[in-house]
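J.: below are the sequence and a predicted model; questions follow.
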Amino acid sequence: HKSTVIITGASSGVGLYAAKALADRGWYVVMACRNQPKAHQAAQSVGIPLDSYTVMQIDLGSLDSVRQFVKDFRATGKSLDALVCNAAIYMPLLKEPLRSPEGYELSMTTNHLGHFLLCNLMLEDLKRSPAPEKRVVILGTVTHNPNELGGKIPPRPDLGNLEGFADGFKEPVSMIDGKKFEPVKAYKDSKVCNVLTMRELHRRYHDNTGIVFTSLYPGCVADTPLFRNHYPLFQKIFPWFQKNITGGYVSQELAGERVADVVTKPEYGQSGSYWSWGNRQKKDRKAAFVQKVSPQAQDEAKAERMWELSEKLVGLP
Ligand code: NDP
């Protein structure tokens, strides 16, 4: 009997290689993707055996689609042992915000609100699983943290007092702090919310469910398609810069292995942790360590406010 993991956004980059690594370790992988033909093709291209995976439809930029995914997954009768929240969009060149069907700004919806709803709904499935240990892993990033070298480049993430969420997050509001639209900041804000969500899931549910909630920064995976919406020149220079100047570069294969480690290995079983291998890839550094998250991502009052306002926006409970 195989353990089952759901990975969102497994059709490319870190998610695809995490799917491959987990399949190699004997897991059954549910690739939760918005483009099914692309996901199948991606799975084949990295050699995931047909009996180790399935592709299921989800658009994290639509809350109805997230709810439908949960129904579809339940209809398979599979038990759920781990959930990896990995999908994300990064749209640095946008001048005007894109919107979800609900009318919410799309990066925050895809990266945070969709996953927030998914985690909350799938807690039930994880609780029902007979596995001795269940895990939820949410992808973080160094850019969520202005105190780290990799997070210093402006604009900095800033949730403010979540005025934009409190005001309903629809037109004319596009940012969580209610300020002017800034697509790079929208991405970073959403990643702060990802870390806050992990910490709040841990605080609310670890003791009473035993589920382990963690995040990780896999390293700078500079040649994933995440940067597909950036200037072509940036897409050429960034991987080179990360390889040769900062030393932050990590291959997609290694990033996938790191996600798989956090999902499966006993040494990553400390709930509430944010795992990192450092931003500079030192040759002698193999082991991960628990890294301090940014001041905003540590702020418990902010976490609680984020939680309550996100619940309202996604229509929970
Ligand atoms: P990619 O762009 O390669 O992959 C993103 C995945 O998310 C794709 O499978 C994409 O699907 C999917 N996706 C996007 N929008 C939606 C949606 N609305 N519904 C469902 N799926 C969607 O990016 P990465 O692999 O680089 O990033 C993965 C994660 O890793 C992100 O959370 C990112 O923040 C994090 N990360 C990445 C770093 C890096 O350096 N690359 C560094 C630190 C963290 P599709 O194929 O259809 O476009």
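T.: Arrived safely, thanks for sending.
J.: tell me the strands beside the helix or strand hosting Val55, with direction?
T.: Assigned by DSSP states H and E, Val55 belongs to strand 53-57. Strand 53-57 has its sheet partners listed here by DSSP bridges as strand 28-33 (parallel).
J.: alpha carbons only: can I get the strand it pairs with in CSV?
T.: Backbone C-alpha positions of strand 28-33 (Å, rounded to 0.1, in the frame of the first residue of the first chain) are rendered in CSV as follows:
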residue,chain,number,x,y,z
TYR,A,28,1.4,7.8,-5.0
VAL,A,29,1.3,11.4,-6.2
VAL,A,30,-1.8,13.3,-7.0
MET,A,31,-0.7,16.1,-9.2
ALA,A,32,-3.2,19.0,-8.6
CYS,A,33,-2.8,21.1,-11.7
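J.: report the buried residues of the strand holding Val55.
T.: In terms of neighbour count (16 or more other CB atoms under 10 Å), strand 53-57 has its buried residues at Tyr53, Thr54, Val55, Met56. In short, each C-beta sits where N, CA and C put it, glycine included.
J.: and the last one, what does it touch?
T.: With CB atoms under 8 Å, 6 or more residues apart in numbering as the criterion, the residues that contact Met56 are Val30, Met31, Ala32, Cys33, Phe69, Asp72, Phe73.
J.: most neighbours, which of those?
T.: Ala32 (30 neighbours; other CB atoms under 10 Å).
J.: could you identify the helix or strand that succeeds the lowest-mean-pLDDT helix or strand in the chain?
T.: Ranked by mean pLDDT, DSSP states H and E, the weakest helix or strand in the chain is helix 232-241, scoring a mean of 85. Note on helix 232-241: by DSSP H and E, the next helix or strand toward the C-terminus is helix 252-264.
J.: this structure against the ligand: which residues are in contact?
T.: 8-9, 11-15, 33-35, 38, 58-61, 86-89, 110, 139, 141, 191, 217-218, 220-222, 224-226 (CB under 6 Å from any ligand atom).
J.: can you flag the buried ones in those residues?
T.: 8-9, 11-15, 33-34, 58-61, 86-89, 110, 139, 141, 191, 217-218, 220-222, 224, 226.
J.: of the residues you listed, which belong to strands?
T.: Thr8, Cys33, Leu139, Tyr217 (DSSP state E).
J.: list the contacts for the closest residue to the last one other than its chain neighbours?
T.: Think Tyr217. Closest residue to Tyr217 apart from its sequence neighbours, by CB to CB, 6 or more residues apart in numbering: Ser276 at 4.6 Å. Contact criterion CB under 8 Å, 6+ apart gives Val142, Leu216, Tyr217, Ala288, Phe289, Val290, Gln291 as the residues in contact with Ser276.
J.: can you give me the offset of the longest helix anywhere in the chain from its chain's centre?
T.: Ordering each helix of the chain by length in residues (DSSP state H) puts helix 183-209 first. Helix 183-209 sits 9 Å away from the centroid of its parent chain (CA atoms, centre = their mean, to the nearest Å).
J.: check stretch 50-63 too.
T.: 15 Å.
J.: stretch 236-250 now?
T.: With CA atoms, centre = their mean, you get 22 Å for stretch 236-250.
J.: report the buried residues of it.
T.: Phe238, Pro239, Gln242, Lys243, Gly248, Tyr249, Val250.
J.: I figured Asp125 hits Leu80, correct?
T.: Yes: the criterion here is CB atoms under 8 Å, and Asp125 meets it with Leu80 at 4.2 Å.
J.: which residue packs closest to Ile7, ignoring adjacent ones?
T.: Closest to Ile7 by CB to CB, 6+ apart is Val84, at 4.4 Å.
J.: so what touches the helix or strand that neighbour falls within?
T.: Secondary-structure assignment from DSSP H and E places Val84 in strand 82-85. Strand 82-85 is contacted from outside by 3-8, 15, 18, 27, 115, 118-119, 122, 126, 134-139, 194, 259, 263, using CB under 8 Å, 6+ apart.
J.: returning to that earlier point: could you dump the contacts of Met56 to TSV with pLDDT and distance to Asn147?
T.: Shown next, in TSV, are the contacts of Met56 (pLDDT from 0 to 100; distance: CB to CB, whole Å):
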residue	pLDDT	distance to Asn147
Val30	98	36
Met31	98	34
Ala32	98	32
Cys33	98	34
Phe69	98	35
Asp72	98	41
Phe73	98	38
